[in-house]
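Chemist: sequence and computational prediction follow.
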Protein chains: 2
Amino acid sequence: MSDPIRTLVHQLSRLPGIGERTATRLVHHLLRQDRALMHALAHSLVDVAERVHECPRCCLLCATEGPCAVCADLRRDDTLLCVVASIQDQAAIEATGEMRGRYHVLHGTLSPLDGVGPEEIRVQQLLARLGSDDRAVTEVILATPPSVDGEATALYLSRQLAPLGLKVSRIASGVPVGGDLQLADRLTLSRALSLRRVL
Amino acid sequence: MSDPIRTLVHQLSRLPGIGERTATRLVHHLLRQDRALMHALAHSLVDVAERVHECPRCCLLCATEGPCAVCADLRRDDTLLCVVASIQDQAAIEATGEMRGRYHVLHGTLSPLDGVGPEEIRVQQLLARLGSDDRAVTEVILATPPSVDGEATALYLSRQLAPLGLKVSRIASGVPVGGDLQLADRLTLSRALSLRRVL
């Protein structure tokens, strides 16, 4: 194998879930295809590297100048703000079609053991926007994951948001809809019991 | 998600073994890293696309002008030529350290049902080099895989090479060294029996 191939294999094998064997297979697959495909892939990579940035308002990733498509959408409910940990979580919530308000992406959850404090995620940006552009917000929905770090982040944010006098809510956590009680893990099931609601 | 990200996810998800979910994960991983890494990956792709070509003599992939490193190596045994189906197979054989001769890469095996005939793989190049540059060859080792297509390719090549009056050999096939007879599949075991050698 020659040098450029080895370099590419080495770079690909540093990606998560891709080992050296998979990387080799990918490169040989690409070499069997039209070379234009490799150029197109390289072009897309450069395009993402150069154009994608965080929206200055909600921290979603976007390629447009100024605010992202969600922030620029005038038909959205300005009173509702949904705080999520990641872009993927935002996409999942948006896909439900139930959230017609704005978003704020933290780009992580608090994780003191990993050295992730409030400064490492977009907490300051959240407090800043609630104090300036987004004074219309009346409810902040904390949609960080129901994991240890996600719960800690939600608790931290609820305390930070308390002085603003807003309604702060947390997404429900319990047995998944259509799920089998026998298959639910013990923590989820006990959470479902303790968070039971009166009918 | 914005357009450049979607484009990149779409392109990556066309690679073998990478679905849309994995592609999304890879792109978000890249976005969390230094942007220089994406530029480096793009550069490597372009480098491979533009510089890698088949060696005019043995059809190995190389990035150098003219013959590849193996063909240019004067210490190699000019009398021995090992025919392999793929670059990966060549790398595996080279890694044994047992093959000190030259190679010829077919870039495939005959597969009439998939429309792969002798013109689709590098058979003509093999016959041409044996008639010109590589007259010193006395033995051709057919190291195509012991699969249906690989065996058919070896049989076809042995017939094509017969008029040249060379020694034509086939790599041994049987129970792997260190392997368990109970775990060998029936075909491999019956092959090992029929190809038994007298001690």
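Modeler: Sure thing, it's come through.
Chemist: got the domain ranges for chain A?
Modeler: A:3-51, A:57-170 (automatic domain parsing).
Chemist: identify whichever of the ones you listed lies nearest to residue B:14.
Modeler: domain A:3-51 (8.4 Å; CB to CB). For the C-beta atoms, the positions are set from N, CA and C on the backbone; glycine is no exception.
Chemist: that older thread, mean neighbour count added to the domains of chain A, as a markdown table?
Modeler: Formatted as a markdown table, the domains of chain A follow (neighbours: other CB atoms under 10 Å in any protein chain shown):
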| stretch | mean neighbour count |
| --- | --- |
| domain A:3-51 | 18 |
| domain A:57-170 | 17 |
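Chemist: got these as a markdown table, with distance to residue B:194 columns?
Modeler: Formatted as a markdown table, the domains of chain A follow (distance: least, CB to CB, whole Å):
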| stretch | distance to residue B:194 |
| --- | --- |
| domain A:3-51 | 33 |
| domain A:57-170 | 56 |
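Chemist: turn the ones you listed into JSON lines, columns for mean pLDDT and distance to residue B:56.
Modeler: Compiled in JSON lines, the domains of chain A are given as follows (pLDDT from 0 to 100; distance: least, CB to CB, whole Å):
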{"stretch": "domain A:3-51", "mean pLDDT": "93", "distance to residue B:56": "17"}
{"stretch": "domain A:57-170", "mean pLDDT": "93", "distance to residue B:56": "43"}
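Chemist: nearest to residue B:87, of those?
Modeler: domain A:3-51 (6.5 Å).
Chemist: so is that closest one next to chain B?
Modeler: Yes. Counting by CB under 8 Å from any CB of the partner chain, chain B is contacted by domain A:3-51 at A:3-5, A:7-8, A:11-12, A:15-18, A:22, A:24-31, A:35, A:37-51.
Chemist: quick one: the helices in chain A, in order.
Modeler: Secondary structure of chain A by DSSP state H: the helices cover A:3-12, A:20-32, A:35-51, A:69-72, A:87-96, A:123-131, A:148-161, A:186-194.
Chemist: centroid-nearest residue for chain A?
Modeler: Residue closest to the average C-alpha location in chain A (CA atoms, centre = their mean): residue A:86, at 1.1 Å.
Chemist: quick one: contacts for that one?
Modeler: By CB atoms under 8 Å, 6 or more residues apart in numbering or on different chains, the residues touching residue A:86 are A:105, A:106, A:107, A:108, B:28.
Chemist: distance check, the closest residue to the first one other than its chain neighbours against residue A:96.
Modeler: Sequence neighbours aside, residue A:59 is the residue nearest to residue A:105 in space, at 4.3 Å (criterion: CB to CB, 6 or more residues apart in numbering or on different chains). In this view, residue A:59 and residue A:96 are 20 Å apart by CB to CB, to the nearest Å.
Chemist: cool, and residue A:85?
Modeler: 16 Å.
Chemist: again with residue A:27
Modeler: Taken as CB to CB, the span from residue A:27 to residue A:96 is 39 Å.
Chemist: kindly report the same for residue A:72.
Modeler: For residue A:72, the distance to residue A:96 - CB to CB - is 21 Å.
Chemist: that older thread, looking at the helices of chain A, spot the one closest to residue A:113.
Modeler: Counting by CB to CB, residue A:113 lies closest to helix A:148-161 out of the helices of chain A; the figure is 9.2 Å.
Chemist: where's that closest one relative to the chain centroid, distance-wise?
Modeler: Centre-to-centre, helix A:148-161 and its host chain are 16 Å apart (CA atoms, centre = their mean, to the nearest Å).
Chemist: can I get the CA coordinates of that helix in PDB?
Modeler: This file holds the C-alpha atoms of helix A:148-161, laid out as PDB (Å, rounded to 0.1, in the frame of the first residue of the first chain):
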ATOM      1  CA  VAL A 148     -27.500  11.200  35.900                       C
ATOM      2  CA  ASP A 149     -25.700  14.100  34.100                       C
ATOM      3  CA  GLY A 150     -28.900  15.200  32.300                       C
ATOM      4  CA  GLU A 151     -30.900  15.300  35.600                       C
ATOM      5  CA  ALA A 152     -28.100  17.200  37.300                       C
ATOM      6  CA  THR A 153     -28.000  19.700  34.400                       C
ATOM      7  CA  ALA A 154     -31.800  20.200  34.600                       C
ATOM      8  CA  LEU A 155     -31.500  20.800  38.400                       C
ATOM      9  CA  TYR A 156     -28.700  23.200  38.000                       C
ATOM     10  CA  LEU A 157     -30.600  25.200  35.300                       C
ATOM     11  CA  SER A 158     -33.800  25.300  37.300                       C
ATOM     12  CA  ARG A 159     -31.900  26.900  40.100                       C
ATOM     13  CA  GLN A 160     -30.200  29.400  37.700                       C
ATOM     14  CA  LEU A 161     -33.500  30.200  36.100                       C
END
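Chemist: give the contact list for residue A:150.
Modeler: Per CB under 8 Å, 6+ apart, neighbours of residue A:150: A:85, A:109, A:144.
Chemist: so how far is chain B from it?
Modeler: Separation of residue A:150 from chain B (CB to the nearest CB, to the nearest Å) stands at 17 Å.
Chemist: for residue A:69, same thing?
Modeler: Residue A:69 is 7 Å from chain B, by CB to the nearest CB.
Chemist: of all the helices of chain A, which one comes closest to residue B:154?
Modeler: When the helices of chain A are compared by CB to CB, helix A:20-32 sits nearest residue B:154, at 21.9 Å.
Chemist: rewinding a little: surely the residue nearest to residue A:105 is in contact with residue A:121?
Modeler: No. Using CB atoms under 8 Å, residue A:59 makes no contact with residue A:121, being 9.3 Å away.
Chemist: now the common contact residues for the two.
Modeler: A:106, A:107.
Chemist: tell me which residues touch the residue nearest to residue A:35 when sequence neighbours are not counted, please.
Modeler: Nearest residue to residue A:35 in three dimensions, chain neighbours excluded: residue B:49, at 4.5 Å (CB to CB, 6+ apart). By CB under 8 Å, 6+ apart, the contact list for residue B:49 reads A:35, A:38, A:39, A:42.
Chemist: any idea which of the residues you listed is closest to residue B:165?
Modeler: residue A:35 (39.9 Å).
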